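> Predicted coordinates and the sequence they were generated for:
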Amino acid sequence: MLTPEELSSAKWWADFWTRAEHWAFFAVVVTLAAEFIALKAGEPYKKKVDDQKDKLIASLNKQTADLEVKNKELEKQNLELVNGTASRQMLGDDMKKFTNGLKNLSGRKFIMRYTANNLESFEYAAQIFQCARDAGMLPSSNMPIPVVWPTWPVVGVRIVAQHKEERTSVTTILNAFLSIGDISAWNEDAPSSLGDVFLIDVGVNSRVGPQKIPTSYGPVKWTTTAPSQ
């Protein structure tokens, strides 16, 4: 049996630990409530930060994708330049424009040549050849003639006529090229054996390779116009 003093002491300690338990539970409840309130209060700001982060990531991803597309295009252009395959083509109404530009030369003879072993030069020469025939000009052969240039490649399109009096006719051909946006055509004096025949040489693409147009291509007796490189 407990004495009255022992019973009183035991009761005090029991009450003390019960109060301590209640206060501890109250502290836990208060802590959880504070954490909940803090979580709810901070949620809009966290959402703004997360949204901004998502927008930044999306923007960076788009920039990366755009750069990849540009890099692929640059790689393609560089490959074309290295391989010499960048193409000159008459597209849409270009062939019609070019043909109309040559109609004043109907009945005039021409020789069409292109750079041997260069597919791009041949394809462009074939289009010019077809337009010249459609305009009534008379080709010296049934198709463009391949040529290995004896010294260095002809660049752009070289128009050759023998006589100084042909300046107007040469200008007509040059203007036909300008009508389709080709500024690579230029003119030069001709060897005396050419007679009254125009010589049209389709050289390598002026945008391709290390070749440069010479300041003079043989003994030029009248206007020589070459695109600057």
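Great, that's in hand. Because the structure is a prediction, the values reported are computed rather than measured.
> Every contact and neighbour count from this point should use C-alpha atoms.
Noted.
> Return the distance of the longest helix seen in the chain from the chain's centre.
Ranked by residue count under DSSP state H, the longest helix found in the chain is helix 4-83. In this view, helix 4-83 has its centroid 45 Å away from the chain centroid, taken as Cα atoms, centre = their mean, to the nearest Å.
> Against which helices or strands is that helix packed?
Judged by 3 or more Cα pairs under 8 Å, 6 or more residues apart in numbering; DSSP states H and E, helix 4-83 has no packing partners among the helices and strands.
> Now the element after it, going C-ward?
As assigned by DSSP states H and E, the chain's next helix or strand after helix 4-83 is helix 94-102.
> hmm, who's touching that following helix?
127-128, 131-132, 134-135, 172-173, 175-177, 179-180 (Cα atoms under 8 Å, 6 or more residues apart in numbering).
> if we go to 10 Å?
Here helix 94-102 makes contact (Cα atoms under 10 Å, 6 or more residues apart in numbering) with 89-90, 127-137, 169, 172-181.
> Give me the ChimeraX select line for these, limited to the buried ones.
Burial among the contacts of helix 94-102 is assessed by 16 or more other Cα atoms under 10 Å; the matching ChimeraX selection reads:
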select :89,90,127,128,129,130,131,132,133,134,135,136,137,169,172,173,174,175,176,177,180
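> Which helix or strand in this structure has the lowest average pLDDT?
helix 4-83 (a mean of 73; mean pLDDT, DSSP states H and E).
> E166 and I159 touch, don't they?
No - in this structure, E166 is not within contact of I159 by Cα atoms under 10 Å, at 11.1 Å.
> hey, what's in contact with both of those two?
Contacts common to E166 and I159, judged by Cα under 10 Å, 6+ apart, are F198.
> Please identify which of these two sits among more neighbours.
Applying other Cα atoms under 10 Å to E166 and I159 shows that I159 carries more neighbours, namely 23 against 14.
> and the one helix or strand the more buried one maps to, C-alpha only, in PDB?
I159 is part of strand 157-161, with elements assigned from DSSP H and E. The C-alpha trace of strand 157-161 is given here as PDB (Å, rounded to 0.1, in the frame of the first residue of the first chain):
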ATOM      1  CA  VAL A 157      28.300  31.800-118.600                       C
ATOM      2  CA  ARG A 158      30.600  33.200-121.300                       C
ATOM      3  CA  ILE A 159      29.000  34.700-124.400                       C
ATOM      4  CA  VAL A 160      31.400  35.100-127.400                       C
ATOM      5  CA  ALA A 161      30.800  36.800-130.700                       C
END
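> so what secondary structure elements neighbour it?
Packing partners of strand 157-161 (3 or more Cα pairs under 10 Å, 6 or more residues apart in numbering; DSSP states H and E): strand 109-115, helix 119-134, helix 167-179, strand 185-189, strand 198-202.
> for these, which one sits closest to P146?
Judged by Cα to Cα, the one of the helices and strands packed on strand 157-161 that comes nearest to P146 is strand 109-115, at 5.1 Å.
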